[in-house]
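K.L.:
What would the 3D arrangement of this be:
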Amino acid sequence: TEIPVHEIVNFTYSDWAGDLNTRNSTSATCEFIACRPLSWLAKLQHIKAQSSWEAEYIAMGDGAKDTMYVRNALRKLDF
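P.N.:
Modelled structure (predicted):
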């Protein structure tokens with residue numbers, strides 16, 4: 001199926017307690033517009049997640065913030 005040009009798609013990933021030294025989890029997010037990558041980010045979470053579900057939830061929050069930023073930037077450009 002054809003994806004609309006203006007559709008923003010965000011994928012998130014987390015690695016629960018993946019840092020062996022601090023046991024912090026990692027959040028990763030990737031933004032696509034019309035099947036083309038726009039941005040990618042991977043960073044250690046500042047909060048110690050108590051479960052893999054919590055690490056995923058934190059990663060989803062990071063992804064939602066990135067999506068809102070991209071959406072607002074595109075609106076300012078009248079895209």
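K.L.:
nearest spatial neighbour of Phe32, skipping sequence neighbours?
P.N.:
When the adjacent residues along the chain are set aside, Phe32 lies closest to Val9, with 4.5 Å between them (Cβ to Cβ, 6 or more residues apart in numbering). For glycine as for every other residue, the C-beta is placed from the backbone atoms N, C-alpha and C.
K.L.:
helices or strands up against whatever helix or strand the one you found lives in?
P.N.:
For Val9, the host element (DSSP states H and E) is strand 8-15. Contacts defined by 3 or more Cβ pairs under 8 Å, 6 or more residues apart in numbering; DSSP states H and E place strand 8-15 against strand 26-33, helix 52-76.
K.L.:
Convert the first one to CSV, retaining C-alpha atoms only.
P.N.:
Same thing as strand 26-33. What follows is the C-alpha trace of strand 26-33 in CSV, where atoms were taken according to Å, rounded to 0.1, in the frame of the first residue of the first chain:
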residue,chain,number,x,y,z
THR,A,26,18.9,2.1,26.4
SER,A,27,16.2,3.9,24.4
ALA,A,28,16.3,4.0,20.7
THR,A,29,13.9,5.8,18.3
CYS,A,30,13.7,6.2,14.5
GLU,A,31,11.5,8.6,12.6
PHE,A,32,10.3,8.0,9.0
ILE,A,33,8.4,10.3,6.6
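K.L.:
Toward the C-terminus from that strand, list the very next helix or strand.
P.N.:
Tracing the chain C-terminally past strand 26-33 and defining elements by DSSP H and E, one meets strand 36-44 next.
K.L.:
For that next one, which residues meet the burial criterion?
P.N.:
The neighbour-count criterion (16 or more other Cβ atoms under 10 Å) identifies no buried residues in strand 36-44.
K.L.:
Right, I'll call it a day here.
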